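**Q** Predicted model follows, preceded by the sequence.
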Amino acid sequence: MAEVIRMPKMSDTMEEGVIASWLKKEGDEVSSGDVLAEVETDKATMELESYQDGVLLYIGVKEKESVPVDGILAVIGEKGEDYKHLLEEASNGQSKEKPAEAPAEDNPSKSSGEKKIDTSSIKASIIRMPKMSDTMEEGVIASWLKKKGDKVESGDILAEVETDKATMELEAYEDGTLLYTAVEAGSGVPVDGIIAIIGEEGADYEALLKAEEQGGNDEPAKEEKKEEKQVSAASGAPSATAVSSAPQQSGSSNGRVKASPLAKKIADEKGIDLSQVNGSGPDGRVVKADVENFTPSQAKQAAPSAGDQPAINIPQVVGEERSEKVELSQMRKVIAKRLSDSKFSAPHFYLTMEINMDKAIEARKSMNEISPVKISFNDMVIKAAAAALRQHPNVNVSWMGDHMMRHSHIHMGVAVAIPDGLIVPVVRFADSKSLSHISAEVRELAQKAKDKKLQPEEFSGNTFTISNLGMFGIEEFTAIINPPDACIMAVGGIKETVVVKDGEMYAGNVMKVTLSCDHRAVDGAVGSAFLKTFKELLEDPVRILI
């Protein structure tokens with residue numbers, strides 16, 4: 001009997017997975033235990049195994065596509081077996097969650113039986129509110145410079161619009177008559193909302209508005225919006241330019257220079273101040289020819305006053321603005337969600353302590369002379385933290401919402417940076433392991449993390465986490481708690497500095513650590529006592545071994 005294969009939950013934080021590659025294709029015979037595909041989760045790349053024998057009848061997801069947990073991946077059954085009813089049942093089960101009236105809402109004109117209006121023959125264009133800044137959500141019509149019934153030419157200023165950043169001019173890119181204005185001065189319009197309609201005199205603009213209400217003109221509207229965002233002259237959409245504060249000239253009105261869009265573009269490219277150009281167009285409007293024929297000697301000279309400073313010629317710098325869209329990996333999505341939840345839900349407080357590392361440096365040098373693997377300072381930090389947790393069990397806890405869990409086992413999470421983000425492999429029962437054992441295990445886990453070969457049990461179950469940026473030259477930082485831990489310790493680099501002891505100064509080596517605590521679970525005195533013990537262990541490393 002055919003069976004649907006769904007996306008399994010491969011980690012405690014997984015919400016969706018990406019099919020990295022299919023290792024079987026439709027029509028292949030599969031046996032129980034065969035690997036069907038490789039799945040990229042938020043933690044690692046995992047293998048998806050088959051738990052039954054049969055033929056791979058159907059693959060529902062392409063490579064590099066994401067699938068939510070429990071989403072349909074494939075169907076396995078007997079050769080030639082009809083499996084389509086399984087997919088229909090699955091889709092029907094999902095559609096039951098949607099409101100019954102959803103289809104009617106998607107197309108009101110169909111549900112009401114109202115005939116869809118054909119707007120293709122109407123010679124008029126809808127003017128929408130453009131997005132004039134990256135943060136703009138709506139604009140306010142400060143004033144209309146044209147009124148209903150006025151003739152409009154390409155480049156005419158229709159209105160002044162107040163955005164969240166500045167007051168901008170709204171220009172028209174087509175000729176015609178202003179048939180309709182949607183709002184009065186002082187009213188706000190959301191981005192992409194209707195501002196006005198321009199077209200041939202007598203055109204049926206009311207049909208355009210009715211089509212918008214029906215939703216029957218969706219496709220043209222989408223194309224129009226797309227063109228507006230690209231500031232295409234063929235779209236009929238207005239352009240927006242910042243209101244000039246230049247002195248009023250013959251080609252200006254109310255401090256605003258009248259110029260065609262092409263003239264403004266050429267002036268910008270040549271670095272010409274439009275307020276100094278004499279306009280030859282209607283009402284002193286600056287046109288293309290005025291800018292092309294302009295020379296500095298033609299600029300109007302104002303009588304200099306005694307306090308005037310000589311003009312400074314600032315060279316024009318030309319550069320290219322370019323940005324690249326970066327798709328988020330599954331790991332980066334989950335890191336963002338989990339750390340946001342932690343930072344905004346857990347009340348963090350921070351405890352910083354300075355530790356003298358002179359004896360730790362000597363001890364490490366001595367230990368590496370006989371150790372089978374090279375012991376790092378981070379290995380010593382892990383061991384000292386685990387030993388300190390054994391003495392302070394109230395720090396080795398997890399906040400569970402309505403209760404706390406105090407752990408008798410000590411599993412140390414060690415943050416490891418990889419290209420896709422940050423992952424935290426776990427050294428289990430760290431307090432019971434030797435320094436050389438910890439060193440070898442951390443290296444092995446870090447390499448597996450970089451190769452995306454960590455197994456679920458190797459990156460889950462941590463009770464305390466350490467994040468070390470000392471190797472990057474960072475002296476001190478704070479870290480965000482890694483749930484479900486109640487604490488995380490940020491470790492800085494070892495720095496040679498002047499140390500004062502018993503009233504005398506000498507050169508010494510110090511390291512700063514900062515403990516981030518969830519105040520719901522750990523109080524300041526508890527965290528401070530833990531740090532004091534941790535400091536004592538590192539300043540006299542022999543104690544770590546006892």
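**A** Received it, and whenever you're ready, just let me know what you need.
**Q** for the stretch 1-150 of the chain, what spans make up the strands?
**A** 3-6, 16-22, 29-30, 35-40, 45-49, 54-59, 66-68, 72-77, 124-128, 138-144 (DSSP state E, counting those that start in this stretch).
**Q** And the fifth one, what does it pack against?
**A** For strand 45-49, the contact count by 3 or more CB pairs under 8 Å, 6 or more residues apart in numbering; DSSP states H and E identifies strand 35-40 as packing neighbours. No exception for glycine: its C-beta is placed from N, CA and C like everyone else's.
**Q** Neighbouring strands - and their directions - for the strand it packs on?
**A** strand 16-22 (antiparallel), strand 45-49 (antiparallel) (DSSP bridges).
**Q** quick one: low-confidence parts of the chain?
**A** 12, 91-116, 133-135, 165, 215-256, 260-262, 281-283, 297-311 (pLDDT under 70).
**Q** run the last query once more with 50
**A** 95-112, 216-250, 253-254, 300-303, 306 (pLDDT under 50).
**Q** how far away is the nearest residue in space to Ala203 that is not next to it in sequence from Val189?
**A** Residue nearest to Ala203 in three dimensions, not counting chain neighbours: Ala124, with 4.2 Å by CB to CB, 6 or more residues apart in numbering. In this view, Ala124 and Val189 are 19 Å apart by CB to CB, to the nearest Å.
**Q** Tell me which of the strands paired with strand 35-40 sits most buried.
**A** strand 16-22 (a mean of 20; mean count of other CB atoms under 10 Å).
**Q** and the angle for that strand with strand 54-59?
**A** 120 degrees (axes from the mean of the first three to the mean of the last three CA atoms, to 10 degrees).
**Q** Can you give the distance of strand 16-22 from its chain's centre?
**A** How far strand 16-22 lies from its chain's middle: 21 Å, per CA atoms, centre = their mean, to the nearest Å.
**Q** okay if I get the strands of the stretch 1-150 of the chain as TSV plus distance to Met404?
**A** Shown next, in TSV, are the strands of the stretch 1-150 of the chain (distance: least, CB to CB, whole Å):
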stretch	distance to Met404
strand 3-6	35
strand 16-22	30
strand 29-30	46
strand 35-40	34
strand 45-49	31
strand 54-59	46
strand 66-68	31
strand 72-77	38
strand 124-128	55
strand 138-144	47
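**Q** Out of those, which one sits most buried?
**A** strand 124-128 (a mean of 24).
**Q** Can you tell me which helices and strands it packs against?
**A** Against strand 124-128 (3+ CB pairs under 8 Å, 6+ apart) you get strand 176-181, strand 194-199, helix 205-214, helix 218-229.
**Q** Nearest to Val69, out of the strands paired with strand 35-40?
**A** Set against Val69 and scored by CB to CB, these come closest in strand 16-22, at 6.4 Å.
**Q** what sits up against the closest one?
**A** With contacts defined as CB atoms under 8 Å, 6 or more residues apart in numbering, strand 16-22 is touched by 7, 10, 36-41, 45-46, 59, 61-69, 71, 73, 330.
**Q** Run the angle between that strand and strand 72-77 for me.
**A** 50 degrees.
**Q** Give me the nearest residue to Glu292, chain neighbours excluded.
**A** Glu292's closest residue in space is Ile266 (CB to CB, 6+ apart), at 6.7 Å.
**Q** I'd like the next helix or strand past the helix or strand hosting the one you found.
**A** If you go by DSSP states H and E, Ile266 is part of helix 261-270. Once the chain leaves helix 261-270, the next helix or strand it forms, by DSSP H and E, is helix 288-292.
**Q** closest to Asp502 out of the strands paired with strand 35-40?
**A** Using CB to CB, the strands paired with strand 35-40 put strand 45-49 closest to Asp502, at 56.2 Å.
**Q** and that closest one, how far from the chain's centre?
**A** With CA atoms, centre = their mean, you get 27 Å for strand 45-49.
**Q** In CSV, list the C-alpha atoms belonging to it.
**A** Taking C-alpha atoms only, strand 45-49 is exported to CSV below (Å, rounded to 0.1, in the frame of the first residue of the first chain):
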residue,chain,number,x,y,z
THR,A,45,22.8,18.4,6.5
MET,A,46,21.0,15.2,7.3
GLU,A,47,20.1,12.0,5.4
LEU,A,48,16.4,11.1,4.8
GLU,A,49,16.0,7.3,5.0
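**Q** ok, residues contacting it?
**A** 5, 8, 10, 17, 20, 33-40, 73, 452-453.
**Q** Same question for stretch 429-442.
**A** Contacts of stretch 429-442 (CB under 8 Å, 6+ apart): 367, 371-376, 378-380, 382-383, 385-387, 389-390, 409-412, 414, 425, 427, 544.
**Q** Buried among those residues? Need that as a selection in ChimeraX.
**A** In ChimeraX, a selection of the buried entries from the contacts of stretch 429-442 looks like this (16 or more other CB atoms under 10 Å):
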select :367,371,373,375,376,378,379,380,382,383,385,386,387,389,410,411,412,414,425,427,544
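**Q** Next step: the contacts of stretch 429-442 restricted to helices.
**A** Met367, Asn378, Asp379, Met380, Ile382, Lys383, Ala385, Ala386, Ala387, Leu389, Arg390 (DSSP state H).
**Q** now the nearest residue to the first one once chain neighbours are set aside: how far from Gly186?
**A** The reference is to Met367. In space, and not counting its chain neighbours, Met367 is closest to Ile375: 5.4 Å by CB to CB, 6+ apart. From Ile375 over to Gly186 the distance is 72 Å, taken as CB to CB.
**Q** wouldn't the residue nearest to Glu292 be in contact with Asp290 here?
**A** No: the criterion here is CB atoms under 8 Å, and Ile266 misses it with Asp290 at 9.7 Å.
**Q** Of these two, give the one with the bigger neighbour count.
**A** Asp290 (24 against 18; other CB atoms under 10 Å).
**Q** Tell me who's in contact with the residue nearest to Met367.
**A** Arg364, Met367, Asn368, Leu435, Ser436, Ser439 are the contacts of Ile375 under CB under 8 Å, 6+ apart.
**Q** Got the phi and psi for the first one?
**A** Which is Arg364. phi -60, psi -40 (degrees, to the nearest 10).
**Q** okay but it is in contact with Phe377, surely?
**A** Yes: distance between Arg364 and Phe377: 6.6 Å, which falls inside the contact criterion (CB under 8 Å).
**Q** where do the contact lists of the two overlap?
**A** With CB under 8 Å, 6+ apart, Arg364 and Phe377 have no common neighbours.
**Q** From the contacts of strand 45-49, pick the one nearest Asn462.
**A** Using CB to CB, those come closest to Asn462 at Met10, 17.6 Å.
**Q** Quick check: that closest one touching Leu454?
**A** No: judged on CB under 8 Å, Met10 makes no contact with Leu454 at a distance of 11.2 Å.
**Q** That'll do, ta.
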